[in-house]
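[1] quick one, fold the following:
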Amino acid sequence: MITTEQLQKDFSSGLSTFLSNYPESNLFGPIRYLLSLGGKRIRPLLALSVSNAEGATSEDAMPASLAVEFFHNFTLMHDDIMDNAPLRRGKVTVHEKYSKNAAILSGDALFTAAYQALELANPEHLPQLLRLLNKTSMEVCEGQQLDLDYESLGDVTQEMYLEMIRLKTSVLLAASCSMGAICAGADDERVQLWYEFGEKLGLAFQLQDDYLDTFGLEKSTGKKVGGDILADKKTFLHIHSSAVKELPSASGLSDDDKIDLIKTAMKDRGSDLAAKNKMTAYSENARKALELLDLDSSLNTWFEELLFSVTQRVS
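    Have a look, this model is predicted:
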């Protein structure tokens, strides 16, 4: 029987053991700081839970779970620099606490740590794990570049945006699931089904993330609400709303007034509901992959609850 509490305990123990191999130094200080902030840990939990669901153990998938968590935090460290973000998980970001140069270098070290962790995987599974992590790493970079490109691109469609978040966010959750299955020795068909589950889960996850950036509560999300609006980011909400009617000008308004103006316009155009409906559709697609995996009742319930929590989360 999988429990979130046990998986979190397993991962925390594995993380602590692995980090103990690194010295106390200026390079690893920012890494320990960022990882100490916690977060949802959804990627390593997916790797561990899928491994357990496929009949293996958390120990079997620990190298993969560490790899995806290190890779994810590497992207966060660098994304926060590019976004000039002041907060991460309710705390000051690495580049603000240390320096931009420290965040760049420690981010690079975290990227390397992902591969050092993967070295500990079963040698029989290592080539397949490496191919998937390499593919995913490049796709995430492609997604981040598209995100930057779209900032200056006038016409971004919903389809373009959804492909961008698939690359930037969803493929890593998909890889986390597949890597857990690979570590358990699952066949190619099941590895692919787990990938499809994680991919659709990831799309729903990112849409909810965008929703919370605009309509969430700062005390729950741990970051300033309305950041995407202030940055004029072309999120699903922005694209949907603009397609209905051009968003009103916020020229000369304070940040808070601009956020209030655009949020009201988005609600009036039904963009909040459209985002929720799209999330629901992706959740249903993930559920179909679960059905094909034909898990026993208790395992299926755990993954169903995970799906529900993704679309209902407030942080």
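[2] please report phi then psi for Lys91.
    phi -120, psi 160 (degrees, to the nearest 10).
[3] what's the span of stretch 176-192 from first residue to last?
    12 Å (Cα to Cα, to the nearest Å).
[4] contacts for that stretch next, please.
    Residues from elsewhere that reach stretch 176-192 (Cβ atoms under 8 Å, 6 or more residues apart in numbering): 42-44, 46-51, 53-56, 60-61, 63-65, 67-68, 121-122, 125, 128-129, 132-133, 194-195, 197-198, 201, 293. All C-beta atoms are positioned from the backbone trio N, CA, C, and that covers glycine.
[5] which ones among the residues you listed map onto helices?
    Using DSSP state H, the subset of the contacts of stretch 176-192 located in helices is 42-44, 46-51, 53, 60-61, 63-65, 67-68, 128-129, 132-133, 194-195, 197-198, 201, 293.
[6] just the buried ones from the residues you listed, in PyMOL syntax?
    Burial among those is assessed by 16 or more other Cβ atoms under 10 Å; the matching PyMOL selection reads:
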select buried, resi 42+43+44+46+47+48+49+50+51+53+60+61+63+64+65+67+68+128+129+132+133+194+195+197+198+201+293
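[7] most distant residue from the middle of this protein?
    Using Cα atoms, centre = their mean, the residue of the chain lying farthest from its centre is Gly252. It sits 34.5 Å away.
[8] distance of that residue from Lys263?
    18 Å (Cβ to Cβ, to the nearest Å).
[9] picking up where we left off before, tell me the SS of the residue farthest from the centre of the chain?
    coil (DSSP: H, G, I helix; E, B strand; the rest coil).
[10] counting neighbours, what do you get for Pro23?
    7 (other Cβ atoms under 10 Å).
[11] let's verify it: helix, strand, or coil?
    coil.
[12] ok, now which ones touch the residue nearest to Leu237 when sequence neighbours are not counted?
    In this structure, Leu237 finds its nearest non-sequential neighbour in Ser271, 4.7 Å apart by Cβ to Cβ, 6 or more residues apart in numbering. Ser271 makes contact with 236-238, 240-241, 244, according to Cβ under 8 Å, 6+ apart.
[13] tell me the mean pLDDT for the strand or helix carrying Asp213?
    For Asp213, the host element (DSSP states H and E) is helix 188-215. When pLDDT is averaged along helix 188-215, the result is 96.
[14] list the buried residues of that helix.
    190-191, 193-215.
[15] mean confidence score for stretch 237-254?
    So the average pLDDT for stretch 237-254 ends up being 94.
[16] and that stretch, C-alpha only, in PDB?
    The C-alpha coordinates for stretch 237-254 follow below in PDB (Å, rounded to 0.1, in the frame of the first residue of the first chain):
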ATOM      1  CA  LEU A 237      -5.600  32.900 -19.200                       C
ATOM      2  CA  HIS A 238      -4.100  35.800 -21.100                       C
ATOM      3  CA  ILE A 239      -4.400  34.100 -24.500                       C
ATOM      4  CA  HIS A 240      -8.000  33.000 -23.900                       C
ATOM      5  CA  SER A 241      -9.100  36.400 -22.600                       C
ATOM      6  CA  SER A 242      -7.400  38.400 -25.500                       C
ATOM      7  CA  ALA A 243      -9.000  36.100 -28.000                       C
ATOM      8  CA  VAL A 244     -12.500  37.100 -26.700                       C
ATOM      9  CA  LYS A 245     -11.700  40.800 -26.500                       C
ATOM     10  CA  GLU A 246      -8.600  42.900 -26.300                       C
ATOM     11  CA  LEU A 247      -7.500  43.300 -22.700                       C
ATOM     12  CA  PRO A 248      -7.900  46.800 -21.300                       C
ATOM     13  CA  SER A 249      -4.900  49.200 -21.100                       C
ATOM     14  CA  ALA A 250      -3.300  49.400 -17.700                       C
ATOM     15  CA  SER A 251      -1.000  52.300 -18.600                       C
ATOM     16  CA  GLY A 252      -0.300  54.600 -15.700                       C
ATOM     17  CA  LEU A 253      -1.800  52.200 -13.100                       C
ATOM     18  CA  SER A 254      -0.100  51.000 -10.000                       C
END
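[17] how distant is it from the center of its chain?
    27 Å (Cα atoms, centre = their mean, to the nearest Å).
[18] which residues sit against it?
    Contacts for stretch 237-254 (Cβ under 8 Å, 6+ apart): 156-158, 161, 210-211, 214, 228-229, 232, 257-258, 261-262, 265-266, 269-272, 274-275.
[19] now the residues you listed: which count as buried?
    156, 161, 210-211, 214, 228-229, 258, 261-262, 265-266, 269, 271-272, 274-275.
[20] which non-adjacent residue is nearest Val225?
    Val225 sits nearest to Glu218 (Cβ to Cβ, 6+ apart), 5.0 Å away.
[21] redo the contacts of Ser271 as CSV? Include secondary structure, neighbour count and distance to Ile81.
    Below are the contacts of Ser271 laid out as CSV (DSSP: H, G, I helix; E, B strand; the rest coil; neighbours: other Cβ atoms under 10 Å; distance: Cβ to Cβ, whole Å):
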residue, secondary structure, neighbour count, distance to Ile81
Phe236, helix, 20, 25
Leu237, helix, 26, 25
His238, helix, 21, 23
His240, helix, 20, 29
Ser241, helix, 24, 29
Val244, helix, 14, 34
